[in-house]
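Please find the sequence and the predicted model below.
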Amino acid sequence: MNTVANPESMAIVLRLLILWALPGFLLFAASAQARPVPDGFSELTKRLSPAVVNISTSQNVDIPDNIPAFPEGSPLERFNDFFGRRNNSGRISKSLGSGFVIDADGHIVTNNHVIENSDLIEVVFPNGDTYDARILGRDPSTDLALLKIEAGGDLPSVEWGDSDSASVGDWVMAIGNPFGYGGSVTAGIVSARNRQINHGAYDDFIQTDVAINRGNSGGPLFDMGGRVIGVNTAILSPTGGSVGISFSIPSDLAQSVISQLREYGETRRGTLGVNVQEVDKNLAKSYRINKPKGAIITRVLKGSPADRAGLRKGDLILKVGDQDVPNQRVLFRAIAESEIGAEVTLTIVRKGKPVKIPVTIERLEEDVTKEDLKAAKNKPGEADRAAMGISIEALTEETRRKFKIRSEIQGVRVVKVDARSQAAGKILEGDIIEEIAFKPVTNPDEFEEAINAAGVFNRPVTILVNRGGNYLFYSMYVS
């Protein structure tokens, strides 16, 4: 006997089926969109670790006459090697860091601060193979360096990735040499993008919560495809150890710099010859633009490309060619990456009206010469500015003994801070300044030179302070 279902009953059943199936469908759709939490990192680690190296450097130094050579059999005999007394080499270990091989020929990327001022650089692979490395080029502005080793055969390597594709919340992994413990693997997520930490004009860091410590510098930051999307460079820490705030140079910037170092042995960046400032809401209204963006020219250097092109103080730069300029960092990077000698068209706002101005890019001369530093130091009335209102003293044996400063701490001690200076309220009497612009400072001469160098470039300088064992970063302008 054939039966026909009641249409109203069929509609009720259909609605119930939809309600029953809908949560599962939505869950499936959501999971299809999201990036899954990795089950683990062991496979990536096995594949990538062979190409991540430990880097140790040493430097020849004069051995002070007052350091004794301890006799054989003495409990202190091992210190003879440290002080160079065993063979009168005068060579001491300077730093430990990390790096990674980018091709089978033995090109290795690391941080500039890991290998700067070194006389000998050794690269150690996870299997124990050790090679002497030479520097092909280094770039203090981005803190990158390129090394080369001769291994006599193909080496394991890793590939660059696209850092622009990395999103906040993505999983990432680091391999490095923290505190000399080579082959250490840590993982976390991207915490933020486009971070500025007053490291330099090209700040555009990836911030992560990956555990990064001293010795990780120069190591790779991997995405979950095993591609390098960053070079681990700095941490923010009041203790000197990881507190979950670390910064990596994006691979898109690093690739460009490393390519130039490989080809030329130096960077070749473009320049306009201007000083600029950011745009806030009030300035945006006065320039008749709908939101804060671009960079306002505050100074045009005489004889510069900007001067010859007719750019003026007060011009608001909105575009370099077809590239939008949301802020001054993007402006500097866009100009820096422009071809030297090429003409680019800037879109600006002048007196409330859009104007297009062609500019021929020239090469930026980045190195501060000894003559530049000497001239800056000898300017009349500049002595206080050169020291930023900070009076310091060397860490002599007497000073260490008087203020109970441990022998392993290197830097200069603050004895006075001018109450009218920018350092007032930040730097305190008794602070030990260990680094300026991420470079070690071990005596008053290095302190003065570092401050003067920052003044030449008219950029904020970052100072690392050791305050009773707690580490603090401060940023301020020299002038």
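Nice, I can see it.

show me where pLDDT drops low in this structure?
1-37, 60-95, 198-201, 238-240, 366-387, 454-459, 478-479 (pLDDT under 70).

Give me the domain ranges for it.
Here the domain assignment for the chain is 37-267, 270-363, 370-477, based on automatic domain parsing.

Name the stretch among those that sits most buried.
Across the domains of the chain, the average number of neighbours (mean count of other Cβ atoms under 10 Å) peaks for domain 37-267, which reaches a mean of 18. No exception for glycine: its C-beta is placed from N, CA and C like everyone else's.

mind listing what the residue nearest the centre of the chain touches?
What sits nearest the mean C-alpha location of the chain, by Cα atoms, centre = their mean, is Thr233, with 4.7 Å. Contact partners of Thr233, counting by Cβ atoms under 8 Å, 6 or more residues apart in numbering, are Asn111, Asp143, His199, Phe205, Ser217, Gly218, Phe247, Ser248, Ile249.

If we use 6 Å, what do you get?
Residues near Thr233 by Cβ atoms under 6 Å, 6 or more residues apart in numbering: Asn111, Asp143, Phe247, Ile249.

Now it: which helix or strand?
strand 228-235 (DSSP states H and E).

what about stretch 207-218, start to end distance?
Using Cα to Cα, to the nearest Å, the end-to-end distance of stretch 207-218 comes to 15 Å.

try stretch 269-283
Taking Cα to Cα, stretch 269-283 runs 30 Å from one end to the other.

So the closest residue in space to Ser184 that isn't next to it in sequence versus Ile390, what's the distance?
Nearest-residue entry for Ser184: Pro178, 5.3 Å, with adjacent residues in sequence omitted and distances by Cβ to Cβ, 6 or more residues apart in numbering. Separation of Pro178 from Ile390 (Cβ to Cβ, to the nearest Å): 32 Å.

The stretch 201-350 of the chain: strands as residue ranges?
Applying DSSP state E, counting those that start in this stretch to the stretch 201-350 of the chain gives strands spanning 205-208, 220-222, 228-235, 246-250, 270-271, 274-277, 295-300, 316-320, 323-324, 343-350.

Equivalent analysis for the stretch 1-150 of the chain, please.
With DSSP E, counting those that start in this stretch, the ranges of strands along the stretch 1-150 of the chain come out as 52-60, 91-101, 107-110, 120-124, 130-132, 134-139, 144-148.

need those in a markdown table with distance to Lys291, can you?
Shown next, in a markdown table, are the strands of the stretch 1-150 of the chain (distance: least, Cβ to Cβ, whole Å):
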| stretch | distance to Lys291 |
| --- | --- |
| strand 52-60 | 42 |
| strand 91-101 | 40 |
| strand 107-110 | 37 |
| strand 120-124 | 48 |
| strand 130-132 | 52 |
| strand 134-139 | 34 |
| strand 144-148 | 33 |
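
For Val415, find the nearest of those strands.
Among the strands of the stretch 1-150 of the chain, strand 91-101 comes nearest to Val415, with 27.5 Å by Cβ to Cβ.

so what's Glu159 up against?
With contact taken as Cβ under 6 Å, 6+ apart, Glu159 is in contact with Arg227.

does Arg269 really touch Glu365, like I thought?
No: counting by Cβ atoms under 6 Å, Arg269 stays clear of Glu365, with 9.6 Å between them.

Looking at the two, which one has more neighbours?
Shown here are Arg269 and Glu365; by other Cβ atoms under 10 Å, Arg269 has more neighbours (25 against 9).

if I look at that one, how far off is Lys353?
Noted for Arg269: a distance of 31 Å to Lys353, by Cβ to Cβ.

Then Gly161?
For Gly161, the distance to Lys353 - Cβ to Cβ - is 42 Å.

With Met388 instead?
41 Å.

Repeat that for Asn466.
For Asn466, the distance to Lys353 (Cβ to Cβ) stands at 53 Å.

Name whatever forms a beta bridge with Val274.
Val300 (DSSP bridges).

oh sorry, the question was meant for Val412
Ala394, Ile433.

doesn't Phe447 make contact with it?
Yes: contact criterion Cβ under 6 Å: Val412 and Phe447 qualify, at 5.1 Å.

which residues do these two both contact?
With Cβ under 6 Å, 6+ apart, Val412 and Phe447 have common neighbours Ile392.

check contacts around Leu301.
Here Leu301 is in contact with Gly273 (criterion: Cβ under 6 Å, 6+ apart).

how close does it get to Arg308?
Look at Leu301 and Arg308: by Cβ to Cβ, they are 11 Å apart.

Ok, Arg329 next?
25 Å.
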